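> Structure for this input, please:
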Amino acid sequence: MLIIPIKDGENIDRALKRYKRKFDKTGTVRQLRARQAFIKPSVTNRIKIQKAAYIQNMRDQLES
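Here you go, the predicted model:
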């Protein structure tokens, strides 16, 4: 449960913005979406390898 203390005279919009930022940092929505469907470990490993190759390719392009 997220607790956002509101200071005296603080704008409600600012408090909502702090709440949204804190909610995003917890990763709750990402975790819920990931749990909606089972992904095999081999598929997750393949995606991880593809991301690493993509990042390495981008770094190689920047260096040359």
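> What is the distance between the helix or strand containing Gln56 and the centre of its chain?
Using DSSP states H and E, Gln56 maps to helix 41-63. Put simply, helix 41-63 sits 18 Å off its chain's centre (CA atoms, centre = their mean, to the nearest Å).
> With stretch 19-30 instead?
Distance, stretch centre to chain centre, for stretch 19-30: 8 Å (CA atoms, centre = their mean).
> how close does the most centrally placed residue in the chain get to Ile6?
The residue lying closest to the centre of the chain (CA atoms, centre = their mean) is Gly27, at 5.5 Å. Counting by CB to CB, to the nearest Å, the gap from Gly27 to Ile6 is 24 Å. All C-beta atoms are positioned from the backbone trio N, CA, C, and that covers glycine.
> Same question for Ile39.
40 Å.
> do Ser64 as well
Ser64 is 53 Å from Ile6, where distance means CB to CB.
> between those two, who's got more neighbours?
Applying other CB atoms under 10 Å to Ser64 and Ile6 shows that Ile6 carries more neighbours, namely 12 against 5.
> now that one, nearest residue through space, not along the chain?
Ala15 (5.0 Å; CB to CB, 6 or more residues apart in numbering).
> Quick check on that neighbour: phi, psi?
phi -70, psi -40 (degrees, to the nearest 10).
> Pretty sure it sits against Gly9.
No. Contact criterion CB atoms under 8 Å: Ala15 and Gly9 do not qualify, at 11.3 Å.
> Between those two, which has more neighbouring residues?
Using other CB under 10 Å as the criterion, Ala15 and Gly9 rank with Ala15 on top: 14 against 5.
> how near is the more buried one to Tyr54?
Distance check for Ala15 against Tyr54: by CB to CB, it reads 39 Å.
> Kindly report the same for Arg35.
The spacing between Arg35 and Tyr54, counted by CB to CB, is 25 Å.
> List the buried residues for the host helix or strand of Ala34?
Assessed by DSSP H and E, Ala34 sits inside helix 28-35. By 16 or more other CB atoms under 10 Å, helix 28-35 has no buried positions at all.
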